[in-house]
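A.B. asks: predicted coordinates and the sequence they were generated for:
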Amino acid sequence: MGNAGAEHALLALLHCLDQEKYGLSLYVLLGQGQLMGHVPEGVRLLNRDYTELPVLSEEGRKQLRRTVLRDALTGGAVFRRLPYLTRNFADMCRKHKILPEKLLWRLVADGSARTEKRYDLAVAFLEGASAYYVADYVNAAKKAAFIHIDYGMAGYTRELDLDCYLSYDRVFTVSDEVREAFLMAYPECESRTAVFHNILDVSEIHRLAREPGGFTDTFGGLRILTVGRLTEQKAYDIAVDALYLLKQRGRKVRWYVLGEGDRRKSLEHQIAALGLEKDFLLLGQTENPYPYYAQTDLYVHATRFEGKSIAIEEAQTLGCAILASDCSGNREQITEGADGRLCDLTAEKIVEGIEWMMDHPKERQRYREAASQKQNFDLEEIGQLLSLLE
């Protein structure tokens, strides 16, 4: 339950469900994260031990490693899964895309606590360990899974999943492109795969945006904001290069990033090497990012791939002008030239997009107005999930 997009979407979904009609239970596989205090009061937490340590803090990462090690050793999971681990690691090596966390998800699922209770509906809200755990170890009349990412681009394969999605009664993807990517791997699931957009609590976002916070410096140029984890997927290395080119061209720009992740140190080295310490600012995670959205001049989301970005949806809700990379997910959320702009994921093309936004303030304002009017979800889609209980 870390401070990330899918977790916020889960919270919004839980708040929409009628607790007088449904008994809701939540099990957090890694038993950690600072968002637990935002879970509706009536939801029963099944974890015996839970810590609100932030997942991406130094102490939080240590706790995470301890949890994964414990799960891997529980019942000898790591030894029973040696053939699986060896086979999939070799496949990753052949593809030159080694993702150790994807291998560990199976061990986390195998080593997590069990419950004998039978449920009417069990939902795996994330890919990886959650999907494996619900498929293999939860007793339920019906099962549903959510997919938030481009399945193939994120590094998942059927061999890695052991075909777990074949056991689900319904698979929900957060966008049409995510659905297409999933069905390329699981074509036989087409009739039971549907789009279920992320739910946002729009009124709460607007309320939080009015609270104290946001930028504290006195910078007088163009403020750029990006919100997201410091990971390879988010392509901050390219964003740093783009800002360097902008400064070389004499543009008065400062770039602010809200998020944490395993790429912080490498990014700090890159920023220092280019002399951008005062202009590309890694602000870390914040409990309330919304004042930043409301105050920024331009929101840039230049990522390698997406499912459906909660950050873009939040930026649209708060009327940001948006420049995003033309990749899966992003192109489904932004209508080019109507409520934002898309660009290729290169430093030069990002610079071109930012400079265009700087040189066309009237169009930038038009994008802000169009974005704020965009409806990103339909609450009636919850009926797709609840229909499994009929």
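C.D. replies: Sure, I can see it. Residues are numbered from 1 along each chain as shown.
A.B. asks: and the longest strand along the chain, what's buried?
C.D. replies: For the chain, the strand with the greatest residue count under DSSP state E is strand 139-147. Applying a neighbour-count criterion of 16 or more other Cβ atoms under 10 Å, the buried positions in strand 139-147 are A140, K142, K143, A144, A145, F146, I147. The C-beta positions use only the backbone N, C-alpha and C, and glycine is treated the same way.
A.B. asks: for the record, mean pLDDT for that strand?
C.D. replies: Strand 139-147 shows an average pLDDT of 97 in the prediction.
A.B. asks: now swap in stretch 289-304 and tell me
C.D. replies: Rounded to a whole number, the mean pLDDT of stretch 289-304 is 96.
A.B. asks: kindly format the C-alpha coordinates of that stretch as CSV.
C.D. replies: Extracted in CSV, the C-alpha atoms of stretch 289-304 (Å, rounded to 0.1, in the frame of the first residue of the first chain):
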residue,chain,number,x,y,z
PRO,A,289,1.1,16.3,-4.4
TYR,A,290,-2.0,18.2,-5.6
PRO,A,291,-0.9,21.8,-4.7
TYR,A,292,2.0,21.2,-7.1
TYR,A,293,-0.3,20.1,-9.9
ALA,A,294,-2.4,23.2,-9.4
GLN,A,295,0.5,25.6,-9.4
THR,A,296,2.7,24.2,-12.2
ASP,A,297,3.0,25.8,-15.6
LEU,A,298,3.4,22.5,-17.5
TYR,A,299,3.1,18.9,-16.6
VAL,A,300,5.4,16.5,-18.5
HIS,A,301,5.0,12.8,-18.5
ALA,A,302,7.7,11.4,-20.8
THR,A,303,7.7,7.6,-20.0
ARG,A,304,8.8,4.5,-21.8
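A.B. asks: mind checking how far that stretch is from the chain centre?
C.D. replies: From the chain centre to the centre of stretch 289-304 is a distance of 15 Å (Cα atoms, centre = their mean, to the nearest Å).
A.B. asks: before we move on, what about stretch 365-378?
C.D. replies: 21 Å.
A.B. asks: how about residues contacting it?
C.D. replies: By Cβ atoms under 8 Å, 6 or more residues apart in numbering, the residues outside stretch 365-378 that reach it are 197-200, 313, 315-322, 333, 338-341.
A.B. asks: one more time with 10 Å
C.D. replies: 9, 12, 174, 196-200, 202, 297-299, 308, 310, 312-323, 333-335, 337-341, 357, 360 (Cβ atoms under 10 Å, 6 or more residues apart in numbering).
A.B. asks: model confidence over stretch 183-193, on average?
C.D. replies: Stretch 183-193 shows a mean pLDDT of 96.
A.B. asks: I meant stretch 339-359, not that one.
C.D. replies: Mean predicted confidence for stretch 339-359 is 96.
A.B. asks: on the three-state scheme, the residue in the chain sticking out farthest from the centre is what?
C.D. replies: Farthest-out residue of the chain from its mean C-alpha position, per Cα atoms, centre = their mean: G250, at 34.1 Å. Assigned by DSSP: H, G, I helix; E, B strand; the rest coil, the conformation of G250 is coil.
A.B. asks: where along the stretch 151-300 of the chain do the strands fall?
C.D. replies: 170-173, 193-195, 222-227, 253-258, 280-282, 298-301 (DSSP state E, counting those that start in this stretch).
A.B. asks: which strands and helices lie in contact with the third one?
C.D. replies: Secondary-structure packing of strand 222-227 (3 or more Cβ pairs under 10 Å, 6 or more residues apart in numbering; DSSP states H and E): helix 236-248, strand 253-258, helix 290-295, strand 298-301, helix 310-317, helix 347-359.
A.B. asks: what strands flank it, and is each parallel or antiparallel?
C.D. replies: Paired strands of strand 222-227, with direction, are strand 253-258 (parallel), strand 298-301 (parallel) (DSSP bridges).
A.B. asks: quick one: classify A90 as helix, strand or coil.
C.D. replies: State at A90, reduced to three classes by three-state DSSP: helix.
A.B. asks: ok, it to L103 distance?
C.D. replies: In this view, A90 and L103 are 11 Å apart by Cβ to Cβ, to the nearest Å.
A.B. asks: which stretches of the stretch 151-300 of the chain have low pLDDT?
C.D. replies: Confidence mapping of the stretch 151-300 of the chain against pLDDT under 70 gives zero matching residues.
A.B. asks: just give the number of residues close to L230.
C.D. replies: Counted with other Cβ atoms under 10 Å, the neighbours of L230 add up to 21.
A.B. asks: excluding chain neighbours, what is closest to it?
C.D. replies: G261 (3.2 Å; Cβ to Cβ, 6 or more residues apart in numbering).
A.B. asks: ok, L388 next?
C.D. replies: Counting by Cβ to Cβ, 6+ apart, L388 lies nearest to K142, which is 4.4 Å off, once chain neighbours are set aside.
A.B. asks: surely that neighbour and R192 touch.
C.D. replies: No: under the criterion of Cβ atoms under 10 Å, K142 makes no contact with R192, lying 11.0 Å away.
A.B. asks: hey, what's in contact with both of these two?
C.D. replies: Y168, D169, R170.
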